[in-house]
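S.K.: dropping the sequence and predicted coords here.
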Amino acid sequence: MELFIEQFPIVIHSLNIGFIQTLKLFFVTLLGAIPLGLLIAFGSMSRFRPVSYLMKIIVWIIRGTPLMIQLLIIYYFPGLVLNVTLWVGEEGRFLAASIGFIFNYACYFSEIYRGGIQGVPHGQEEAGLVLGMTKSQIFFRVTLLQMIKRIVPPMSNEIITLVKDTSLARIIALQEIIWAGQSFMKGSQGISGAIWPLFFTAVYYLIFNGILTVLLGRLEKKLDYFR
Amino acid sequence: MAILEVEHLSKSFEQTEVLKDITFSLEKGHVLSIIGSSGSGKTTLLRCLNFLENPGGGVIRVNGETLFDAADPSTMQESQIRKKRLHFGLVFQSFNLFPQYTALGNVMLAKELLAKAQPDYKARKKEIHGEIQAEAEDLLRQMGLADRMNNYPHQLSGGQCQRVAIARALALRPDILCFDEPTSALDPELTGEVLKVIRGLADEETTMIIVTHEMAFARDVSSQVIFMDDGRILEHGTPSEVFEHPKEERTKQFLSRFTQG
């Protein structure tokens, strides 16, 4: 017990540093994937066939293969196959991980957007048209909010999954919270053979997801005033 | 002079001709009812008048102004169509109210967006907003919805929704108000309250085109009736001509189902 009390502050300090990296990856992924997903969604709904096929193939490949393999390819392919050093140090690993996560999540988001856009009844647009509204007025004043209402529940699901998926970046040695927890097994700052720090990382995920669940639930409730 | 003239209007979807050589005219203040079985082209005709469909041929004139001429591509410019649509109002079978706006908001939205294009909008913003709101409230009161103005569509009955939709269409003061089976989604009780409102508009000499399956209502409220079958106008005349002395066998056959029931 005394040993635990002695180790605890050291471990928490390291886990905090790791968790900051986890949070950075989480927010950067959201910031990149939310708009990129919209582009992919519009692309896959394009009437120009080559664009819509290309987008559908990209979505198929990215959703059809493990994110872990995508991260490994992005990180190791340039150096091992092309002999180009792209990713240097922790910053390089973070960049590689961000690219992998943004593309992966953008593909999932694009399918959610597509469902949201196609889920708004066509009659809404027609009602706007016969009232003399322009297409952009119809989009911003009529359909957009209805789309947002439709995509909030599935997006919440993906966002909560993303929090936990960031741990996959451990595979390219990004120093996020799992990496930080594991370091105490091998030995770090005078602590070795301790497995509890790794288990303890779960508390961080749990608390952060708890906060997100409450926030996203509030947003859903805010949009509850119409159907 | 006729407020609306339609000449030789035709429309095809792929290989199927849904409108064939439709010609008729409508006087200001008159009510035209269009009857006929499902798939006879009634709804497509209304959609063509509201520029939701592009006719393949023919001419549409309102107040002598040519809005659409299949032989003249300049009448089909996207930028112009938006303004031309304002000659017509359309009330849909499924209401198509905007769910995130209140009844009042639904009636005001389009008018406010149009007002923004006025040159003096910025200077008179509050005044214009007030005028639009007062007009919208008047319309909703006229529809018997004085105590429902701040309700959202999902809090209203189907009949109330449809009356909001009528107010929304009237707010833009269209020359001709079109109804596409306005009561087909309603039960008999709610149908009554919507028909009462439409009858009130007819009494005020609102120019209207009503596609309907309510035969008794059509006979009662219309100044003229068109019977459509297979994309054509088969019978056209006053209600007593069409309902009591139909010339065509097909019309008699169609009407027999209603007179017997």
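M.R.: Received, thanks.
S.K.: report the buried residues of the worst-scoring helix or strand of chain B on mean pLDDT.
M.R.: Using mean pLDDT, DSSP states H and E, helix B:249-260 stands out as the lowest-scoring helix or strand of chain B, at a mean of 83. Neighbour-count burial for helix B:249-260, with 16 or more other C-beta atoms under 10 Å in any protein chain shown as criterion, is recorded at B:250, B:251, B:254, B:255. For every residue, glycine as well, the C-beta is placed using N, CA and C.
S.K.: and for stretch A:103-112, what's in contact with it?
M.R.: Residues outside stretch A:103-112 that contact it (C-beta atoms under 8 Å, 6 or more residues apart in numbering or on different chains): A:29-30, A:32-34, A:36-41, A:44, A:55, A:58-59, A:62-63, A:67, A:70, A:151, A:154-155, A:158, A:162.
S.K.: same question for the longest helix out of those in chain A, mean pLDDT?
M.R.: Across chain A, the longest stretch assigned as helix under DSSP state H is helix A:2-44. Averaging pLDDT along helix A:2-44 gives 92.
S.K.: kindly report the same for stretch B:41-55.
M.R.: Stretch B:41-55 comes out at a mean pLDDT of 94.
S.K.: for chain A, what's its nearest residue on the stretch 101-250 of chain B.
M.R.: residue B:110 (3.6 Å; C-beta to the nearest C-beta).
S.K.: tell me the contacts of residue A:123?
M.R.: Counting by C-beta under 8 Å, 6+ apart, residue A:123 has contacts B:92, B:94, B:96.
S.K.: can you tell me which helices and strands the least confident helix or strand of chain B packs against?
M.R.: strand B:224-229, strand B:232-237 (3 or more C-beta pairs under 8 Å, 6 or more residues apart in numbering or on different chains; DSSP states H and E).
S.K.: pick the most buried one from these.
M.R.: Ranked by mean neighbour count, the helices and strands packed on helix B:249-260 are led by strand B:224-229 with a mean of 22 (mean count of other C-beta atoms under 10 Å in any protein chain shown).
S.K.: and the angle from it to helix B:249-260?
M.R.: Here strand B:224-229 runs at an angle of 110 degrees relative to helix B:249-260 (axes from the mean of the first three to the mean of the last three C-alpha atoms, to 10 degrees).
S.K.: what's the angle from strand B:224-229 to strand B:232-237?
M.R.: 150 degrees.
S.K.: in the helix or strand hosting residue B:127, what's buried?
M.R.: Element membership for residue B:127, per DSSP states H and E: helix B:125-142. Across helix B:125-142, burial judged by 16+ other C-beta under 10 Å covers B:128, B:132, B:133, B:135, B:136, B:137, B:139, B:140, B:142.
S.K.: and the contacts of that helix?
M.R.: Counting by C-beta under 8 Å, 6+ apart, residues outside helix B:125-142 touching it are B:103-104, B:107-108, B:111-112, B:115, B:118, B:121, B:146, B:148-149, B:164, B:167, B:170-171, B:200.
S.K.: chain B contacts on chain A?
M.R.: A:121, A:123-124, A:126-134, A:137, A:141-142, A:145-146, A:149, A:225-227 (C-beta under 8 Å from any C-beta of the partner chain).
S.K.: list of residues touching stretch B:17-24?
M.R.: Contacts of stretch B:17-24 (C-beta under 8 Å, 6+ apart): B:6-12, B:32, B:41, B:44-45, B:48, B:55, B:58, B:226, B:230-233, B:236.
S.K.: re earlier: can you say which of the residues of chain A next to chain B are buried?
M.R.: Buried, going by 16+ other C-beta under 10 Å: A:124, A:126-134, A:137, A:141-142, A:145-146, A:149, A:226, out of these.
S.K.: now do the strands in the stretch 151-261 of chain B.
M.R.: Under the criterion DSSP state E, counting those that start in this stretch, the stretch 151-261 of chain B contains strands at B:176-180, B:208-211, B:224-229, B:232-237.
S.K.: TSV please, covering the ones you listed and showing mean pLDDT and distance to residue A:3.
M.R.: Below are the strands of the stretch 151-261 of chain B laid out as TSV (pLDDT from 0 to 100; distance: least, C-beta to C-beta, whole Å):
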stretch	mean pLDDT	distance to residue A:3
strand B:176-180	96	79
strand B:208-211	96	84
strand B:224-229	95	90
strand B:232-237	93	94
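S.K.: tell me which stretches of the stretch 51-200 of chain B form helices.
M.R.: Assigned by DSSP state H, counting those that start in this stretch, the stretch 51-200 of chain B shows helices spanning B:78-85, B:103-115, B:125-142, B:158-170, B:188-203.
S.K.: quick check, central residue of chain B?
M.R.: By C-alpha atoms, centre = their mean, chain B has its centre lying nearest to residue B:178, at 0.9 Å.
S.K.: any idea what it is bridged to?
M.R.: Residue B:178 forms beta bridges with residue B:90, residue B:209, as assigned by DSSP bridges.
S.K.: residues contacting it?
M.R.: B:46, B:49, B:50, B:88, B:89, B:90, B:91, B:208, B:209, B:210, B:211.
S.K.: so what's the residue lying farthest from the centre of chain B scoring on pLDDT?
M.R.: Residue farthest from the centre of chain B, counting by C-alpha atoms, centre = their mean, is residue B:123 at 34.8 Å. We note a pLDDT of 85 for residue B:123 in this prediction.
S.K.: residue B:142 versus residue B:106, what's the distance?
M.R.: 15 Å (C-beta to C-beta, to the nearest Å).
S.K.: same thing with residue A:85?
M.R.: Distance from residue A:85 to residue B:142, by C-beta to C-beta: 75 Å.
S.K.: what do you get for residue A:12?
M.R.: The value you get for residue A:12 to residue B:142, if C-beta to C-beta is used, is 69 Å.
S.K.: next: residue A:40.
M.R.: Applying C-beta to C-beta, the value for residue A:40 to residue B:142 is 48 Å.
S.K.: residues contacting residue 205?
M.R.: As the question left the chain open, I've gone with chain A. Applying C-beta under 8 Å, 6+ apart, we find residue A:205 in contact with A:163, A:164.
S.K.: that answer is for a different chain, and I need it for chain B
M.R.: Residue B:205 neighbours (C-beta under 8 Å, 6+ apart): B:28, B:29.
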